[in-house]
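A.B. asks: predicted model, plus sequence, below.
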Amino acid sequence: MPPKKKKVTAKKSAVKKSAPVVKKAITKKARPVKKKSAALKLPLTGAQPNTIYIESSAFFPLNSSAGYVDLFQDGRCAASAGNSLATPVVLPVGAVLTSLSVHYMNTTTSTVTCFFLRKHADRNSPSGEIEMSFISLPPATLPPDNYLTATATLFPDGGIIRDRFLHYIEVPSTGNWGEGGK
């Protein structure tokens, strides 16, 4: 004889069961895209160039004993006539340098040549420095403040900033010669 079936009664729970979760396959096109912060992104190439400004107060003499004179709006020059001033230029590796403009005052009768240089970071360069560009700063005046602009557009390696180099600008023969100009 078969066993008797017992009737089991269960109380219904007061908690409502949630609906079953249906998993959908995410295709490549439907996958959510994370936005990157624009502040962290530095375009190294492309249609939108970056501009770096370097104030005259960033320039210092190559030899600390030479000193400098800060003429504020009139710029900075070496304390003793004929000494150089230089400043580093921090450029990201892979950037493409398209132009370098120097705003300057030259009320003397001599042309000054400004150098854009790179130095090998581990000092393995045979000459110590490699000239990236020479910029001629001829004497002249341009009212109202006597400042002129000279721009260089030709650089080695197509202007691409290579790894393991330190870049800087050097302006030789700066100073105030009094009546002879500055």
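C.D. replies: That came through, no problem.
A.B. asks: what packs against the worst-scoring helix or strand of the chain on mean pLDDT?
C.D. replies: Ranked by mean pLDDT, DSSP states H and E, the weakest helix or strand in the chain is strand 76-78, scoring a mean of 78. The criterion is 3 or more Cβ pairs under 8 Å, 6 or more residues apart in numbering; DSSP states H and E, and the helices and strands that strand 76-78 contacts are strand 68-70, strand 83-89, strand 165-174. Bear in mind the C-beta positions are built from the backbone N, C-alpha and C, glycine included.
A.B. asks: the last one to strand 83-89, inter-axis angle?
C.D. replies: Meaning strand 165-174. 150 degrees (axes from the mean of the first three to the mean of the last three Cα atoms, to 10 degrees).
A.B. asks: number of nearby residues for the closest residue to residue 70 other than its chain neighbours?
C.D. replies: Using Cβ to Cβ, 6 or more residues apart in numbering and skipping residues adjacent in sequence, the residue nearest residue 70 is residue 76, 5.1 Å away. Per other Cβ atoms under 10 Å, the neighbour tally for residue 76 reads 20.
A.B. asks: right, and residue 76 touches residue 68 too?
C.D. replies: Yes. Using Cβ atoms under 8 Å, residue 76 makes contact with residue 68 at a distance of 5.6 Å.
A.B. asks: mutual contacts of those two, please.
C.D. replies: Listed as contacting both residue 76 and residue 68 by Cβ atoms under 8 Å, 6 or more residues apart in numbering are 59, 85.
A.B. asks: checking residue 157 next. Helix, strand or coil?
C.D. replies: Classification of residue 157 by DSSP: H, G, I helix; E, B strand; the rest coil places it in helix.
A.B. asks: check contacts around residue 121.
C.D. replies: 164-166.
A.B. asks: now tell me what touches the least confident helix or strand of the chain from outside.
C.D. replies: Strand 76-78 is contacted from outside by 56-57, 59, 61, 66-71, 84-85, 174-176, 182, using Cβ under 8 Å, 6+ apart.
A.B. asks: strands along this protein, start to end?
C.D. replies: 60-61, 68-70, 76-78, 83-89, 100-104, 112-120, 130-137, 148-152, 165-174 (DSSP state E).
A.B. asks: got JSON lines for those, with distance to residue 50 too?
C.D. replies: What follows is the strands of the chain, written out as JSON lines (distance: least, Cβ to Cβ, whole Å):
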{"stretch": "strand 60-61", "distance to residue 50": "25"}
{"stretch": "strand 68-70", "distance to residue 50": "28"}
{"stretch": "strand 76-78", "distance to residue 50": "25"}
{"stretch": "strand 83-89", "distance to residue 50": "13"}
{"stretch": "strand 100-104", "distance to residue 50": "13"}
{"stretch": "strand 112-120", "distance to residue 50": "17"}
{"stretch": "strand 130-137", "distance to residue 50": "18"}
{"stretch": "strand 148-152", "distance to residue 50": "16"}
{"stretch": "strand 165-174", "distance to residue 50": "15"}
